[in-house]
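> take a look and give me a structure for this.
(2 chains)
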Amino acid sequence: MDKCFEFDEKVIAVGLEVSDREDALRHMAQMLHDAGYVRDTYSEAIIRRERTFPTGLPTGENGVAIPHTDICHVIAPMIAVGILKTPVEFQNMGDIEDAIHVKIMFMLAMNNCDNQVKLLSELMQIIQDQYLLKKLCIAQSVTDIGRLLKDKIHF
Amino acid sequence: MKTFRILTICGTGIATSTVAAEKCKQYLTKRGLKVEVVECKAVEASGKIPVYSPHVVVATTPVNDSALHGTKKFSGLPFLTGVGMDKLADEIAAYLQSLE
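Got it, this is the predicted structure:
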C-alpha cells in the first residue's frame, strides 16, 4: 500500500529574505526545530556539513539545494521547503568550486526510517520537473506551495 | 555477457548515491549492459576501491583522486538532477564498452 508523504506548512516558507547561505540554513533549521522535527544540534551540524559536502544541484534555470546532515540530529522525518526571495549561492554537490544560485531549498530531516531512499528518489522526481520548479518559485503563499507539492511523493 | 562493477559514492547523512545508483543501473541496462552497482560513503572509498575493484566510479560528492586508485570517475549529479542523464549514461556505456 502506497503511503503519501505529507508536507507540513509549519516548515514551509516563501519570499524568504536572508543575507547568505548560512543565514538561509539557520532560518530553515530553526523552523524544523520549532516544529519539533530536529534536535538543538541540527542547525550547527547542517551548516558545518554544507561547508565540506555541498548540496547545491545544477537543475537549470532555478537552482535547488538539498541540505541535510547526520541522522542523530533528527527526531522525526520531514522535508522543509524554502523559496528564497533572491537566490543565494551554494556550492555544487558535484564540484565544490562551482557556485549554484539557489532559489529553492529542500531541507531534509531524515532518520533512516520509513523508506528514506524511496522518499529521496521521489523528491528527485520533483527536482527534475522544470515546470513544477518554476511554479514553486512564483508561488505567493505557503498554502500554494503545500498545494503544489501535495500527493507528489509516494513511498 | 560481462557484468560491469560500478561503485557509487556519496557524502554523509543520506544516500544520494543510492538514488543515483538505481537510476544509473536503469539507464545502463536499457543500453544493453549488465551492471552491478554497490554504494559507499566518500570516507570509505579509499578502502573499498582496491577490494571491490569497480570498473567505474559514479560520485555525487567530491572524491580525492588518490582515493580512486586510478579508477575512472564520473559525476553522478545528472542522475539526481535529471539534467543530462542520457548524455551521462551514453558516456558511461561507451567507456565500459571500450574496456572489453
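> bridging residues for the closest residue to residue A:111 other than its chain neighbours?
Nearest non-adjacent residue to residue A:111, counting by Cβ to Cβ, 6 or more residues apart in numbering or on different chains: residue A:74, 4.2 Å away. Every C-beta, even on glycine, is put in place using the N, C-alpha and C of the backbone. On the basis of DSSP bridges, residue A:74 is bridged to residue A:38.
> show me what contacts the closest residue to chain A within chain B?
The minimum distance from chain B to chain A, using Cβ to the nearest Cβ, falls at residue B:82 (2.9 Å). If you count contacts by Cβ atoms under 8 Å, 6 or more residues apart in numbering or on different chains, residue B:82 has them with A:59, A:124, A:127, A:128.
> most neighbours among these, which one?
In terms of neighbour count, residue A:59 stands highest of these at 23 neighbours, by other Cβ atoms under 10 Å in any protein chain shown.
> that one should be in a strand, yeah?
No: counting by DSSP: H, G, I helix; E, B strand; the rest coil, residue A:59 falls outside a strand, being coil.
> center of chain B, which residue is that?
Closest to where the C-alpha atoms of chain B average out (Cα atoms, centre = their mean) is residue B:58, at 2.6 Å.
> my read is that residue B:3 contacts residue B:37, right?
No: in this structure, residue B:3 is not within contact of residue B:37 by Cβ atoms under 8 Å, at 10.6 Å.
> neighbour-wise, which of these two wins?
Between residue B:3 and residue B:37, residue B:37 has the larger neighbour count (other Cβ under 10 Å), namely 20 against 10.
> what mean pLDDT does the helix or strand harbouring the more buried one get?
Element membership of residue B:37 [criterion: DSSP states H and E] is strand B:34-41. For strand B:34-41, mean pLDDT is 91.
> using PDB, write down the CA coordinates of stretch A:142-153.
Output of stretch A:142-153 as PDB, limited to C-alpha atoms (Å, rounded to 0.1, in the frame of the first residue of the first chain):
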ATOM      1  CA  VAL A 142       2.700  28.700   2.000                       C
ATOM      2  CA  THR A 143      -0.700  27.300   1.100                       C
ATOM      3  CA  ASP A 144       0.200  27.500  -2.600                       C
ATOM      4  CA  ILE A 145       3.400  25.500  -2.100                       C
ATOM      5  CA  GLY A 146       1.600  23.000   0.000                       C
ATOM      6  CA  ARG A 147      -0.900  22.500  -2.800                       C
ATOM      7  CA  LEU A 148       1.700  22.200  -5.500                       C
ATOM      8  CA  LEU A 149       3.600  19.500  -3.500                       C
ATOM      9  CA  LYS A 150       0.500  17.600  -2.200                       C
ATOM     10  CA  ASP A 151       0.500  14.000  -3.200                       C
ATOM     11  CA  LYS A 152       3.700  14.300  -5.200                       C
ATOM     12  CA  ILE A 153       5.700  11.900  -3.000                       C
END
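> residues of it that come out buried?
Buried positions in stretch A:142-153, judged by neighbour count with 16 or more other Cβ atoms under 10 Å in any protein chain shown: A:142, A:144, A:145, A:146, A:149, A:153.
> what's near enough to touch the last one?
To tie it back to what came earlier, the one meant is residue A:153. Residue A:153 touches A:4, A:5, A:119, A:122, A:123, A:126, counting by Cβ under 8 Å, 6+ apart.
> gap between the last one and residue A:48?
Relative to residue A:48, residue A:126 is positioned 27 Å away (Cβ to Cβ, to the nearest Å).
> who has more neighbours out of these two?
Between residue A:126 and residue A:48, counting by other Cβ under 10 Å, residue A:126 is the more crowded of the two (18 against 12).
> roughly how far apart are that one and chain B?
Distance of residue A:126 to chain B, computed by Cβ to the nearest Cβ, to the nearest Å: 10 Å.
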